Each structure stands twice: as structure tokens, then as C-alpha cells.
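> What would the 3D arrangement of this be:
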Amino acid sequence: MALLEFHSPSGSTEVSHSHATRLSTLENKRVGLLSNGQWQSFRSLPILMELMREDIPGIEILPPDTYPQGTEFISLDSTIDAIKESGVDAVIIGNAACGACSTACGVAAGKLEAAGIPTAIVTREDFVGVVRNAVSGLGLPADAPMVTFPIDLFLPDSDLTPLKSRRKEIYEILTGWSPRLGNEGEGAMMVVEGVDHIDAMAKANDIFLVNRWGDGLPLWPATRERVNWILRGTDLPRDHLLGKFPPRGGLATVEACAIALAMSGGRPEYLTVLLAAVEAMLDPASTGDQMQATSAATFPVVIVNGPLAHYIRLGSGFGCLGPDPQHPAGAAIGRALRQLQQNLGGALPGTGTMAPWGALRQTNIVFAEDEEGLPQGWLPHGTERHGYKPGTDSVSFFWATGATNILRRGAMKETLEQDVKEGLHRMADYMAVPNPHYTHGYESGTPGAMLLTRVVANYLASTGWTQKRIREFLWENSRVPMKKMRDSGGMAWIDISPTEVARKSIGIDPWPIAAKPENIILLVAGGGHPTHSYWMQAYSPAVVGRKIAAPANFDELLMAADRDLGSGGSACLI
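So this is what the prediction gives:
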């Protein structure tokens, strides 16, 4: 018989606040209505307001326009402060019917509950898990004061009769509700027994799937020995807290990251990159709580600069986005990040992350820029975007929603200059779409990343194209005619954009997909071939950088990797 003992990957959350005490009655109380402006809230909340005035003696209702409206605004501290200053006794929030907006509703409710103001959320029944994750991430018990409805209520021209007939359930949430769910404690050690080691591994993987900890492919159980081995990749203590993983709020300790990396087939020398990527993702500017839950099929992109990328076998050439057995680091680091998104952040498909088709990647995207292939005078991404000194080991993080291969090369007898110019036009055409996601990164984030191989980059440089000039060309030639924006409904999204700069862009025709050319990420990566470019479209309010801190024993770890995997140099490439 074989016994296998391993860490649970579920991590832990903490309860630091309690929900508000409910009101004894709504009579003669002041109730505020907080609206995300979507999913028919502009119809349902005013109707609810009139019904409450008819039903409840002496009640005073503050209408939705009393406070800032919109998914990007209802959970801001400034909005919460405005609600508290308005002297309300309770707040009704709506409508929670998509990933990002349900998260915003849940965060707003959690902040108000923690401040002692009872809330009730009008919620789509499929999105209960999203709201609970958002509340849990704020340190409250993982339950939320909701009245749930089928999707029909939230669609255009919907019948609002169910809201009218069930309105007293909303009243009861404000006067008699109490949380039913607690938060998980520390992840325990688990034990399985098999007839042999292979059988025990299989049973462990069954447990991962039963508990919704897996991703559908085999995982390594995170035994004490394996986790301790991974922890050799950092000088930080294992209980060092990087932050709370949104939206669920699982505690992202160094040990939790090591457990995820151990399960994903990683090695100790990868850990320092994973830690930097997690720190970047947890930066509030990344808005990870909404990006994790959104239906937009977002996935993390981690760009690594500096010599460390080569040392740990991170791909930057052919097949750099994976899979590549010669450069395994990206797959393991990206898969570990995905494990953390799910097991600590609560991004379980259909419960915590509501992307209808998923992000299509179990390993996310983790790769290195081909710095050796940069044309003379071109700066690495970490320097251009984040101001790091060339040669600095760093990560750069943004959220993407998809990727498109662009047939860049000409087909006939073009001159080099023609080939370059036509290829740039083709790239810009792929970027020029009326996609509302562009509005989220409009001011200081990014519309996406354009990847050029070293061959194409040097083509461009040899004909006088600098990084600055390429960005300006792509920015100018990817503008979308305002008629196209209007016909596709894009103008409405611009009008409710999260920043004033984006909202004011509604007056620009044709419409630029970013506030300035510098927002476009331009990278040199991929194999030495000129035919294609690669566009990763973003849904990213920020591009966040972090330096990588290699441990004191890093050389020792690299020697062990050479022993285990063979030489990491180009001489051993298959």
C-alpha cells in the first residue's frame, strides 16, 4: 500500500467584519437605491421605489441618481462615503447580472454592511457565487443579502412582474436576513491510500476534481517535500502575505503560491517569477476582482524581461506562448497562476467566473521578450513601459480577452519597404474594431499587445521605423469611424466609460482605440520568421510592472536544473 499526504490547495480566507444588524422595520426609514445602470436596473429600481412608497408608511426613498451610477463607480470608496453621508438606514443595490457588475454590487454591499448599513441586492440566480466571492474578499462571511431572479428579468423589454410580486422578499432581506455560510479555515493536509504510488496519485487527482481544485489535466499532489523544494526558490518566509486573491479573498501567501506551483509541475527557480506575477495581479490597478469574474473571457498575460528569463528556460522564440518542452517554465508558471485564480480567488467557471466560453488557456500566457533580437536602439518592454533599467529582471501584467494571428507578409514581388508598409496597415486593420473593451484601458491601460518577430522588427528598423513611429502609425491607422461605433452601439459604452478621458473621446471622429500611442504594447518575441504578427487584444485598465527578486541560492537552483533537465543553452535545442 502507498500513502500520499499533501496540502489542500483551497487556501484560507479571513473574517474580519460582520454583516450589518437588520432593521426592525422599514417604516419611517430612509432607504437609498444604488444602480449599476445596467441589466434593466434603470427600469426595475424606479418601479421598486414607487412600490415601496405605496407599501411602507413614512418611508423615504433616495432615487438612483442620488449617487454615482455604473459598474465602475458604485463600489468606489467615494460612493460609499456619499451613501453614508446621505444618512440612509438601508440600501437596495441592482442589478447583479454579469460577472463584473455582480462583483461591483457585491463589493458595494460588503463595504456598506461592514459600515453597519444593511443592504439587499437584486441578483440573477446564476451569479450568486460571484456576489458571495466579492463579499468574502472584503473579510465578511461568504454570504450576501440577495433576492435572486432568472435571467429573463434582466433582458431588454423584460416582464418586471416577478419583481413586483416578490418585492416583499427584498423588504425582508433588510429586516430579517442573516448569513448562512462561513468562510473556510486553513487548508488542511490530506491523505490518500492506494495499492501503489500510481494508484495514490490517481486518487489524489480524483479528489482535486471532486473538490473543484483541478483544471481537467493531471496535477502533482503538493506533498510537504515537494512544497519545501519549491520554497527554495525564494528568500521570503513561507507565511509572507502577498495580499488577498480577488474576488474571494483567499490569502495569497508564499506557501500558497508554492503549493500551486508544485501542483502545476513547476520548479524552485520559477517561484520568483510567479510571486512577482501574483503581486502585479493583486495590484488594485489591475481590478482583479472584476476581471476574474467578468464574462469577457479574460486571461492574464505576463511578459518577463531581463536575463533571468533565459536562465529558467522561459520561451521568447519559436512557440514562446507554448507548449514547448524546451522552455517549460511559462506553462508551469501560468498554470500555477490559474490554480491560484481558481482556488484562492474563487474563479470557478459558472460560479465565480462567468465567461461563457472560458479563456481557452489552462496555462494563461507567460513568456519572455526576445531582448537579444531587439534592433539596435530599441528598448525592452520593461524599460519602455515601467522605466526599469535595461537588464532588470521584471514582469509586466495585463488582462487579454483573445489573440489573433495576422498574416503580415506580402504574397507577390513587393519591395522590402512595400512589405513593411502593407504589413503595418494589415496589423492596424486587425486592431480597428468597435470593441467596448478598449474603453477600460483607454487612459492609462492598454488596448493590447502587438508581437513582432525579431526578423520583422529588424525589417522595420532597417527602413527607418522606430518603436515610437510604429506605435504612432498603428494608433493613427486603427481609428474606428464614429458611424461604425454608432451602428454597433459602441458610443453608449464610450458614454459610460470608467474615466473622463475615455468619455470625452466620444467627440473624436474617427475614434482612436487608446488615448495615446504609448498605450499600445509593442513586443519583440516569437521565432525568426517574417510571415506573421500576433495581436493580443486587451481588457485591461492598467499594465502593472514588478521587479523579480531572485533568491540568494539562485545559481545553485540553476545548477540543479541543468542536472535535471540538461543544458539550458541553445546547443541542446531539439
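> so what are the domain limits for the protein?
By the assignment in automatic domain parsing, the chain contains the domains 30-176, 405-535.
> Let me see the mean pLDDT of the first one.
Think domain 30-176. Averaging pLDDT along domain 30-176 yields 95.
> next one: the last one
Taken as a whole, domain 405-535 has an average pLDDT of 95.
> Can you give me the end-to-end span of that domain?
From its first residue to its last, domain 405-535 covers 7 Å (CA to CA, to the nearest Å).
> quick check, residue 412 in a strand?
No. With DSSP: H, G, I helix; E, B strand; the rest coil as the criterion, residue 412 is assigned coil and is not in a strand.
> and it, how far is that from residue 39?
51 Å (CB to CB, to the nearest Å). Every residue, glycine included, has its C-beta placed from N, CA and C.
> neighbour-wise, which of the two wins?
Neighbours per residue (other CB atoms under 10 Å) separate residue 412 from residue 39, with residue 39 holding more: 26 against 6.
> what about the more buried one, distance to residue 562?
Going from residue 39 to residue 562 by CB to CB gives 55 Å.
> likewise residue 457?
Distance from residue 457 to residue 562, by CB to CB: 30 Å.
> what about these two, which has more around it?
A direct count of neighbours by other CB under 10 Å for residue 457 and residue 562 places residue 457 higher, at 25 against 13.
> Got phi/psi on the closest residue to residue 115 other than its chain neighbours?
Among residues not flanking residue 115 along the chain, residue 84 sits closest, at 6.1 Å (CB to CB, 6 or more residues apart in numbering). Torsion angles at residue 84 (phi, psi; degrees, to the nearest 10) stand at phi -60, psi -40.
> With the one 3 residues further on instead?
Dihedral pair for residue 87: phi 70, psi 30, per degrees, to the nearest 10.
> Just give the number of residues close to the nearest residue to it once chain neighbours are set aside.
Take residue 87 and drop its neighbours on the chain: the residue closest to it by CB to CB, 6+ apart is residue 30, 6.1 Å away. Using other CB under 10 Å, residue 30 has 16 neighbouring residues.
> roughly how far apart are residue 30 and residue 111?
Relative to residue 111, residue 30 is positioned 18 Å away (CB to CB).
> cool, and residue 307?
Per CB to CB, residue 307 is found 44 Å from residue 111.
> neighbour count winner among those two?
Each of residue 307 and residue 111 has its neighbours counted (other CB under 10 Å); residue 111 has more, 24 against 12.
> Which residues are in contact with that one?
By CB atoms under 8 Å, 6 or more residues apart in numbering, the contact set of residue 111 is 75, 77, 80, 138.
> Could you list everything the residue nearest to residue 519 when sequence neighbours are not counted pairs with in the sheet?
Nearest in space to residue 519, with sequence neighbours left out and distances taken as CB to CB, 6+ apart, is residue 446 at 5.1 Å. For residue 446, the beta-bridge partners are residue 540 (DSSP bridges).
> Please name the residues that touch residue 446.
398, 514, 519-521, 538, 540, 543.
> For those residues, give me JSON lines that also has distance to residue 392, neighbour count and secondary structure.
Compiled in JSON lines, the contacts of residue 446 are given as follows (distance: CB to CB, whole Å; neighbours: other CB atoms under 10 Å; DSSP: H, G, I helix; E, B strand; the rest coil):
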{"residue": "398", "distance to residue 392": "18", "neighbour count": "29", "secondary structure": "strand"}
{"residue": "514", "distance to residue 392": "25", "neighbour count": "26", "secondary structure": "coil"}
{"residue": "519", "distance to residue 392": "22", "neighbour count": "24", "secondary structure": "helix"}
{"residue": "520", "distance to residue 392": "22", "neighbour count": "21", "secondary structure": "coil"}
{"residue": "521", "distance to residue 392": "17", "neighbour count": "24", "secondary structure": "strand"}
{"residue": "538", "distance to residue 392": "23", "neighbour count": "28", "secondary structure": "strand"}
{"residue": "540", "distance to residue 392": "22", "neighbour count": "30", "secondary structure": "strand"}
{"residue": "543", "distance to residue 392": "16", "neighbour count": "25", "secondary structure": "coil"}
